[in-house]
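Asks: this one's sequence-less:
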């Protein structure tokens, strides 16, 4: 796994933190942690998207973030466990893994067009 995909995974982990923070933050420090998590998450997502296909990066990011958020709510916050949720998470992860497997990530997402930074 290359460093760009690791950035996507770490970005998704920080997404879980900020989504939980949006629901459960109640004081200055928890809101500060939430804002820092948002900044780190999107910074890593944008950095990875510069080198990998953006559509796949976003799908993997959202899929992993959704999975982490749902599991965190069940494990940490007493959300009711339902097998249907687990089945749907597994289906979501199968799609995310499938997208990752069929994505060519050897190039650097440069389309050959001159941009503003050229």
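Replies: It's in. As the structure is a prediction and not an experimental result, all values here were calculated from the model. Numbering: from 1, shown residues only.
Asks: Next, the buried residues of stretch 77-92.
Replies: Across stretch 77-92, burial judged by 16 or more other Cβ atoms under 10 Å covers 89, 92. Every residue, glycine included, has its C-beta placed from N, CA and C.
Asks: how far is it from where the chain is centred?
Replies: In terms of Cα atoms, centre = their mean, to the nearest Å, the centre of stretch 77-92 is set 18 Å apart from its chain centre.
Asks: can you check stretch 82-95 too?
Replies: Put simply, stretch 82-95 sits 16 Å off its chain's centre (Cα atoms, centre = their mean).
Asks: model confidence over that stretch, on average?
Replies: Mean pLDDT, stretch 82-95: 91.
Asks: do stretch 30-48 as well
Replies: 96.
Asks: Helices of the chain, start to end?
Replies: Using DSSP state H, the helices of the chain run over residues 3-24, 28-49, 54-77, 83-102.
Asks: If you compare the directions of the shortest one and helix 54-77, what angle comes out?
Replies: Between the axes of helix 83-102 and helix 54-77, defined by axes from the mean of the first three to the mean of the last three Cα atoms, to 10 degrees, the angle is 150 degrees.
Asks: any idea how far residue 68 is from residue 20?
Replies: The gap separating residue 20 from residue 68 is 9 Å, by Cβ to Cβ, to the nearest Å.
Asks: Could you find the closest non-adjacent residue to residue 93?
Replies: residue 67 (6.0 Å; Cβ to Cβ, 6 or more residues apart in numbering).
Asks: give the contact list for the one you found.
Replies: 89, 92-93 (Cβ atoms under 8 Å, 6 or more residues apart in numbering).
Asks: which among these gets closest to residue 38?
Replies: residue 92 (22.2 Å; Cβ to Cβ).
Asks: okay but that closest one is in contact with residue 66, surely?
Replies: Yes: look at residue 92 against residue 66 with Cβ atoms under 8 Å: they come within range, at 6.5 Å.
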